[in-house]
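Q: Would you be able to build a 3D model of this:
(one chain, ligands or ions: 1)
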Amino acid sequence: MTSAELTDGAHLVVDALELNGVDTLYGLVGIPVTDLARLAQASGIRFIGFRHESSAGRAAAAAGFLTGRPGVSLTVSAPGFLNGLVALAEATTNCFPVVQISGSSERHIVDLKQGDYEELDQLAAARPFVKAAYRVSRAQDIGRGVARALRTAASGRPGGVYLDIPAAVLGETLDADRGAASLWRLVDPAPRQLPAPEAVDRAIELLAGAERPLVVLGKGAAYARADEVIREFVDSTGLPFLPMSMAKGLIPDDHPQSVAAARSLALKRADVVLLVGARLNWLLGHGEPPQWNPDAKFLQIDIEPTELDSNQPIAAPLVGDIGSVVGALVERMKPGRITVSEAWRRELAERTEQNTAKMAQRLAADPHPMQFYGALRAIRDVLRAHPHTYLVNEGANALDFARNVIDMQVPRHRLDSGTWGVMGVGMGYAIAAAVETGRPVVAVEGDSAFGFSGMELETICRYGLPVVVVILNNGGVYRGDGVNPASADPSPTTLSLTARHEKLIEAFGGRGYHVESPVELAAALTEALESGRPALIDCHIDPTAGTESGHLTNLNPSVAVRPS
Ligand code: ADP
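A: Residues are numbered from 1 along each chain as shown. This next block holds a predicted model:
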């Protein structure tokens with residue numbers, strides 16, 4: 001047999017991915033996957049090489065959310081695998097479809113713990129953190145393994161899948177025809193799931209009888225790409241709606257039925273609540289009073305049946321994909337069956353008006369040094385003029401304030417800390433948004449949050465991506481005025497007060513700006529966005545601005561004895 005008639009594991013992985021429409025790999029090379037990345041690139045798959053696997057994994061996760069097809073990341077064994085696993089666990093928690101492929105060391109050495117280079121039982125390590133973990137042990141199973149991983153990631157509730165491919169399998173040869181015949185292309189990787197008509201009628205009945213109904217749109221609704229039918233449902237019923245942070249823009253934030261500015265009142269008073277791709281987890285106070293009306297009835301649309309009743313009784317379970325379920329609601333409700341009383345509308349409108357006026361007042365102030373609100377007003381105004389810009393947002397105060405100040409006009413254009421409220425997603429998400437869409441991206445980052453993925457500035461510059469990083473720099477974790485009463489060391493919450501982050505991007509050929517006022521910030525951001533080139537704006541904020549843990553101060557345990 002000549003080599004022309006042979007193939008090997010690495011080629012088969014590439015062929016299987018290509019056959020299933022994977023056009024981009026996010027990864028970091030090393031033993032044993034370097035050739036795999038080269039082969040992928042040679043065959044036309046784009047390989048985006050990162051500086052840390054967690055950023056590669058986060059990019060793949062964001063790609064999954066943005067495209068509806070699993071993003072794929074590639075890592076080396078043990079430590080690289082573990083770095084990526086953080087992102088994979090996070091993606092699973094966020095319900096984003098993603099597959100992490102990692103090379104692994106020799107099975108017979110790992111299993112006897114003989115001490116191999118980067119020895120780790122990766123399959124076992126991955127299992128508790130992911131939707132599913134699979135290993136391919138023979139080259140002839142690569143097609144099956146890739147198909148199974150992609151199917152599992154995308155179908156039902158999306159999530160993270162780990163695919164373990166030992167080095168020996170990547171190097172295993174087999175007959176080329178036999179290899180080609182072992183691959184297949186998935187048919188309908190995420191099939192529609194239709195609700196039963198009686199479940200739909202039960203939900204309509206409850207909504208029709210509501211005095212103070214509310215719709216909550218979550219990132220599952222954004223992910224479902226059912227934009228038009230959701231809009232039709234909301235418009236035709238007149239129901240007030242509240243978008244969770246990554247559902248902002250699914251219906252434009254300036255829509256008159258949005259009650260984002262009257263959130264507390266809406267939760268406290270609503271008597272019938274329809275959850276659309278949103279979990280009643282900590283982000284929604286578990287549906288508990290006093291945040292919620294104790295008599296509220298919950299209706300929930302979710303593709304995952306076990307999500308229902310996880311926190312509160314679900315009076316009308318609607319299991320299915322959001323497009324099909326909302327489509328069925330629209331189809332089965334008689335015109336005028338669901339209405340919203342004038343009293344409820346007025347109550348929400350009055351609170352919206354009051355809160356909007358308070359916010360306008362906060363935003364109008366222009367103190368020096370700059371505060372979060374001044375900076376965010378400038379960013380908001382620039383983004384209003386560029387509504388198709390993708391927005392990545394992480395931090396404590398930088399997240400909480402930006403979420404409320406920056407409106408979104410289009411679906412799936414906001415990526416943030418997500419269900420875990422994690423820091424470190426920034427650059428990975430920004431890179432994926434730019435790579436997958438080719439559109440400009442603005443990452444609004446706290447200075448602490450930025451630090452977790454800051455080295456990816458080099459990646460942004462290496463690929464020349466249209467990403468503008470804005471660092472709201474108050475010199476600290478939460479704020480920059482922490483005090484250490486015991487020694488000259490900085491306090492646990494203090495970072496470098498005089499840091500000039502813009503110099504980091506200059507090191508890699510990007511454009512750096514340092515700004516100290518909203519006017520300077522608006523000018524820098526406009527110029528950077530219009531250039532379409534990598535840029536970083538270090539935005540000097542008052543070190544005393546912000547609160548500990550942003551809006552989550554209440555989650556800190558209060559220690560019994562404070563350090564003196
Ligand atoms: P948020 O944080 O915005 O409130 P969550 O991440 O808590 O949103 O909730 C998203 C929910 O959406 C998950 O429970 C997930 O199972 C569900 N989901 C994801 N995709 C779909 C889909 N296509 N159809 C129905 N439900 C979906």
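Q: Counting by contacts, list what the helix or strand harbouring residue 347 packs against.
A: Residue 347 is located in helix 342-364, with elements delineated by DSSP states H and E. Packed against helix 342-364 by the contact rule (3 or more CB pairs under 8 Å, 6 or more residues apart in numbering; DSSP states H and E) you find helix 263-269, helix 372-385, helix 397-405. C-beta coordinates here come from the backbone N, C-alpha and C atoms, glycine included.
Q: Tell me which of these sits most buried.
A: Ranked by mean neighbour count, the helices and strands packed on helix 342-364 are led by helix 397-405 with a mean of 23 (mean count of other CB atoms under 10 Å).
Q: Just give the number of residues close to the residue of the chain found nearest the ligand.
A: Proximity to the ligand, evaluated over the chain using CB to the nearest ligand atom, is greatest for residue 220 at 1.9 Å. By other CB atoms under 10 Å, 26 other residues sit near residue 220.
Q: Which residue is the nearest non-sequential neighbour of it?
A: residue 277 (2.4 Å; CB to CB, 6 or more residues apart in numbering).
Q: Residue 8 now?
A: Nearest in space to residue 8, with sequence neighbours left out and distances taken as CB to CB, 6+ apart, is residue 173 at 4.8 Å.
Q: My read is that that neighbour contacts residue 6, right?
A: Yes. With contact defined as CB atoms under 8 Å, residue 173 counts as touching residue 6 (4.8 Å).
Q: between the two, what contacts are shared?
A: The contact sets of residue 173 and residue 6 do not overlap (CB atoms under 8 Å, 6 or more residues apart in numbering).
Q: and the lowest-mean-pLDDT helix or strand in the chain, what does it pack onto?
A: Of all the helices and strands that make up the chain, helix 107-111 has the lowest average by mean pLDDT, DSSP states H and E, namely a mean of 92. If you count contacts as 3+ CB pairs under 8 Å, 6+ apart, helix 107-111 packs onto no helix or strand.
Q: which bits of the stretch 201-350 of the chain sit near the ligand?
A: Proximity of the stretch 201-350 of the chain to the ligand (CB under 6 Å from any ligand atom) is limited to residues 218-220, 223-224, 244, 246-247, 277-279, 281, 283, 302-304, 307, 321-322.
Q: Just the ones of those residues in strands?
A: Counting by DSSP state E, the part of those found in strands is residue 302.
Q: What subset of the residues of the stretch 201-350 of the chain next to the ligand is buried?
A: By neighbour count, with 16 or more other CB atoms under 10 Å, those hold 218-220, 223-224, 244, 246-247, 277-279, 302-303, 307, 321-322 as buried.
Q: which residues in the stretch 51-200 of the chain form helices?
A: Along the stretch 51-200 of the chain, counting by DSSP state H, counting those that start in this stretch, helices occupy 53-67, 78-94, 107-111, 122-126, 142-154, 167-171, 176-181, 197-208.
Q: okay, the fourth one in PDB with CA atoms only?
A: Read that as helix 122-126. C-alpha atoms of helix 122-126 as PDB (Å, rounded to 0.1, in the frame of the first residue of the first chain):
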ATOM      1  CA  GLN A 122      -8.700  14.000  30.900                       C
ATOM      2  CA  LEU A 123     -11.900  12.200  30.100                       C
ATOM      3  CA  ALA A 124     -12.600  11.600  33.800                       C
ATOM      4  CA  ALA A 125     -11.600  15.100  34.700                       C
ATOM      5  CA  ALA A 126     -13.900  16.700  32.100                       C
END
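Q: Any idea how far that helix is from the middle of the chain?
A: 24 Å (CA atoms, centre = their mean, to the nearest Å).
Q: Output the helices and strands packed on helix 342-364 in JSON lines; the columns should cover mean pLDDT and distance to residue 161.
A: Shown next, in JSON lines, are those (pLDDT from 0 to 100; distance: least, CB to CB, whole Å):
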{"stretch": "helix 263-269", "mean pLDDT": "98", "distance to residue 161": "35"}
{"stretch": "helix 372-385", "mean pLDDT": "97", "distance to residue 161": "34"}
{"stretch": "helix 397-405", "mean pLDDT": "95", "distance to residue 161": "28"}
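Q: Can I get these in CSV including distance to residue 366?
A: Shown next, in CSV, are the helices and strands packed on helix 342-364 (distance: least, CB to CB, whole Å):
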stretch, distance to residue 366
helix 263-269, 27
helix 372-385, 6
helix 397-405, 15
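Q: Just tell me which of these ends up closest to residue 326.
A: helix 263-269 (19.9 Å; CB to CB).
Q: Show me what the closest one is packed up against.
A: strand 241-243, helix 342-364.
Q: please redo it, this time with the cut-off set to 7 Å
A: Packing partners of helix 263-269 (3 or more CB pairs under 7 Å, 6 or more residues apart in numbering; DSSP states H and E): helix 342-364.
Q: now the helix it packs on against helix 372-385, angle please.
A: For helix 342-364 against helix 372-385, the angle by axes from the mean of the first three to the mean of the last three CA atoms, to 10 degrees is 110 degrees.
Q: Contacts for helix 342-364 next, please.
A: For helix 342-364, the external contacting residues (CB atoms under 7 Å, 6 or more residues apart in numbering) are 211, 212, 240, 259, 261, 262, 265, 266, 373, 377, 405.
Q: 6 Å instead, please
A: Under the contact criterion CB atoms under 6 Å, 6 or more residues apart in numbering, helix 342-364 has outside partners 212, 240, 259, 261, 262, 265, 373, 377.
Q: Can I get the residues you listed in TSV including distance to residue 13?
A: Conversion of those to TSV gives the following (distance: CB to CB, whole Å):
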residue	distance to residue 13
212	54
240	49
259	48
261	50
262	51
265	53
373	50
377	49
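Q: Wait, the residue of the chain closest to the ligand touches residue 275, no?
A: No. Counting by CB atoms under 6 Å, residue 220 sits too far from residue 275 to count as a contact (9.2 Å).
Q: Could you list every helix and strand that the helix or strand where residue 450 lies packs against?
A: Using DSSP H and E, residue 450 maps to helix 447-451. Where contact means 3 or more CB pairs under 6 Å, 6 or more residues apart in numbering; DSSP states H and E, helix 447-451 is packed against strand 467-473.
Q: Tell me the strands beside the strand it packs on, with direction?
A: strand 441-446 (parallel), strand 535-540 (parallel) (DSSP bridges).
Q: Rebuild those as JSON lines, extending it with mean pLDDT.
A: Listed next are those as JSON lines, based on pLDDT from 0 to 100:
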{"stretch": "strand 441-446", "mean pLDDT": "98"}
{"stretch": "strand 535-540", "mean pLDDT": "98"}
